[in-house]
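Q: What follows is a predicted structure for the sequence shown.
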Amino acid sequence: AIATLSDTSNLFVDFNVPQQHLQQLRAGSTVRVTTDAWPGRAFTAKVNAVESRVSKDTRNIAVQAVLDNRDGALRPGMHVTAALELPAEHDALVLPPTAIQTSASGESVIVVRGPEATTKGQAEYVPVTLGRRVGDKVVVTQGLKAGDVVVTEGQLRVQPGAYVLVAQPKPHDSSGDHCR
């Protein structure tokens with residue numbers, strides 16, 4: 001009889017990272033690993049290898065992390081989600097992904113311009129360069145400055161140069177579950 005022996009005390013987690021994060025990849029970096037098999041539980045792995053070449057097709061870099069699995073919670077071949085913990089970006093401009101418009105010419109946002117831009121103004125399409133995602137936000141690395149008022153909903157109805165009234169955010173009630 002033939003048997004397969006597996007040591008599952010340490011597992012390899014293989015994933016890809018966009019090339020723009022190459023300078024931030026380091027052996028020993030922390031990776032947060034989650035899986036549907038263990039809802040609400042996060043596992044910690046450490047980067048042990050970074051591919052020497054960038055994929056010419058995807059422009060991604062293959063990364064491998066090692067996960068301590070002595071409790072046997074995970075099995076080889078399971079689907080997991082790996083999130084590489086990158087260094088903090090101070091003073092980053094972030095937007096919800098709904099604010100970003102993507103076209104053949106790249107990403108853009110609609111900015112409200114004028115002396116009273118926080119309440120009303122003219123719509124201007126502004127090309128932007130995006131960085132990484134941070135939670136449910138996207139970092140904007142070029143194209144905006146602090147204080148710009150960006151349209152986050154209803155962009156399809158806004159034409160360049162159109163007059164825009166800015167809706168003020170609704171205050172949340174004390175439970176935080178819904179808006180008034």
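A: Great, that's in hand.
Q: partners of the lengthiest strand in the chain in the sheet?
A: Looking across the chain with DSSP state E, the single longest strand is strand 42-54. Paired neighbours of strand 42-54 in the sheet (DSSP bridges): strand 30-34 (antiparallel), strand 60-68 (antiparallel).
Q: Can you lay out the ones you listed as TSV showing mean neighbour count?
A: All C-beta spots, glycine's among them, are computed from the backbone N, C-alpha and C. Putting those into TSV (neighbours: other CB atoms under 10 Å) gives the following:
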stretch	mean neighbour count
strand 30-34	17
strand 60-68	18
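Q: Format these as JSON lines; extra columns: mean pLDDT.
A: Output for these, formatted as JSON lines (pLDDT from 0 to 100):
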{"stretch": "strand 30-34", "mean pLDDT": "95"}
{"stretch": "strand 60-68", "mean pLDDT": "95"}
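Q: Pipe these into a markdown table and attach distance to Val149 per row.
A: Listed next are the strands paired with strand 42-54 as a markdown table, based on distance: least, CB to CB, whole Å:
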| stretch | distance to Val149 |
| --- | --- |
| strand 30-34 | 34 |
| strand 60-68 | 34 |
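Q: now for those, which one comes closest to Leu5?
A: Nearest to Leu5 among these is strand 60-68 (19.1 Å), distances taken as CB to CB.
Q: Off-centre distance for that closest one?
A: On the basis of CA atoms, centre = their mean, to the nearest Å, strand 60-68 sits 18 Å off its chain's mean C-alpha point.
Q: Stretch 118-132 now?
A: Centroid separation for stretch 118-132 versus its chain: 19 Å, with CA atoms, centre = their mean.
Q: Just the buried residues of that stretch, please?
A: Within stretch 118-132, the residues scored as buried using 16 or more other CB atoms under 10 Å are 121, 123-126, 128, 130-132.
Q: ranges for the strands of the protein?
A: 10-18, 30-34, 42-54, 60-68, 81-84, 93-95, 101-103, 106-113, 120-127, 129-134, 137-142, 149-150, 163-165.
Q: Run the chain-centre distance for the third one.
A: The chain centroid and the centroid of strand 42-54 are separated by 18 Å, computed with CA atoms, centre = their mean.
Q: Okay, buried residues for it please.
A: Residues 43, 45, 47 are the ones in strand 42-54 that count as buried (16+ other CB under 10 Å).
Q: The residue nearest in space to the middle of the chain and Thr118, how far apart?
A: Nearest residue to the geometric centre of the chain (CA atoms, centre = their mean): Arg133, 2.0 Å. The gap separating Arg133 from Thr118 is 26 Å, by CB to CB, to the nearest Å.
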